[in-house]
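> Sharing a model prediction with you, sequence too.
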Amino acid sequence: MLNVIIFGKPGSGKGTQAAMIKDKYGLIHISTGDVFRKNTSEGTELGNLAKQYMSKGELVPDKITIAMLESEIKSFMPCNGFILDGFPRTILQAESLDKLLVNLNLKIDLVIALDTSVSMDAEDVAPSRLKKAKFEIVLSFGSEHIASEQFDNCFRVYFGHHGDEGAMKSDIILPTPLYTEKNGIFVNIEGRPQEAKKCHNPIGSAKEEWSIIKKLSDEFSFVFEPNTFEQLRSELLKKHTKLSSFNEILSNDNASPIITDIEFEDCKTQYPINNFYMSDIISKNSVTMVKCVEEIISTPSLLEKSA
């Protein structure tokens, strides 16, 4: 049985990754959002209790959330395992989850942290809220914020290409290529899928992430069907056809309508990131970038011009 927790900030792709993991390993995908919607729409006792708080704009108490989660897990047992998406979010939820798993004779086998953020404080990252939870293995895909103390007793595996704090505190480091060293599809800030082709081969023993997962699947006897990058991309585009529309802005069928009749008066917007020049691990390891940023930040006039 394999039980997984996946977390990441909104937009990090955890829902997409959770769905792929579910399909590959035959797990039950449990999203707290889906569980809430199911209970409220079906008018269950817990759903009606939650509605009372939601109708007043209040947060649903953790004990109701935990009770919904317990009921959902029990309804699928026995099974191959679960992947929890969006839970736990607080220390109390993590502690309650730990007690629930003990009562059900279950344990969390794997935690996946998706770090797509820039300059996040440690307290903003979901793992910092799981101090009481117990994990055995943590896979970190380039996350430099995964070095928190709550993972000191875990076996940590780091996938990445620069030596950050997360790598320094990991038990195993599996080197992966830079984005310039591998083919891929990226979605830019406008929502346009863009195809990137590698300009040179990976240095040293670096291997692409998918090929490492493939090797692990062979060793641990779990199913990972693609044998080549071409097969992997083909499977991806079958499930996410819109990604093949390179340079076209993706449409969101579930998006809220755009409001155009808003007027702003005497308002000042402020970018939440003060130092966006060094918002990723590559620029942070650049000697040239470090010197440039030091000069820009220490010279207010230059900082104003760059804003």
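The structure has been received and is ready for your questions. Numbers count the residues shown, from 1 in each chain.

> now the helices for the stretch 201-307 of the chain?
209-220, 229-239, 281-284, 287-298, 300-306 (DSSP state H, counting those that start in this stretch).

> Now the second one: buried residues?
Looking back up the chat, that one is helix 229-239. For helix 229-239, burial by neighbour count (16 or more other C-beta atoms under 10 Å) applies to 232, 233, 236. For glycine as for every other residue, the C-beta is placed from the backbone atoms N, C-alpha and C.

> closest one to residue 6 among the helices of the stretch 201-307 of the chain?
Closest of those to residue 6 is helix 209-220, at 14.7 Å (criterion: C-beta to C-beta).

> what mean pLDDT would you report for the closest one?
Taken as a whole, helix 209-220 carries a mean pLDDT of 84.

> Please list the residues outside stretch 21-34 that contact it.
For stretch 21-34, the external contacting residues (C-beta atoms under 8 Å, 6 or more residues apart in numbering) are 2, 4, 6, 15, 18-19, 65, 68-69, 72-73, 76, 79-87, 112, 222-225.

> In terms of secondary structure, what does the strand or helix carrying residue 99 contact?
Secondary structure assignment for residue 99, by DSSP states H and E: helix 91-103. Counting by 3 or more C-beta pairs under 8 Å, 6 or more residues apart in numbering; DSSP states H and E, the packing neighbours recorded for helix 91-103 are helix 62-76.

> what is the orientation angle of the helix it packs on with helix 91-103?
Angle, helix 62-76 to helix 91-103, by axes from the mean of the first three to the mean of the last three C-alpha atoms, to 10 degrees: 30 degrees.

> what's the weakest-modelled helix or strand in the chain?
Across the helices and strands of the chain, mean pLDDT, DSSP states H and E gives its lowest value to helix 300-306, namely a mean of 52.

> How are the strands of the stretch 51-200 of the chain distributed by residue range?
82-85, 110-114, 137-141, 155-160, 172-175, 184-187, 193-196 (DSSP state E, counting those that start in this stretch).

> Give me the below-cutoff pLDDT ranges for the stretch 201-307 of the chain.
Within the stretch 201-307 of the chain, the stretches with pLDDT under 70 are 251-277, 279, 298-307.

> what's the most buried one of the helices of the stretch 201-307 of the chain?
For these, the largest average neighbour count (mean count of other C-beta atoms under 10 Å) is found in helix 281-284, namely a mean of 16.

> I'd like the distance from that one to the chain centre, please.
Relative to the mean C-alpha coordinate of its chain, helix 281-284 is positioned 20 Å out (C-alpha atoms, centre = their mean, to the nearest Å).
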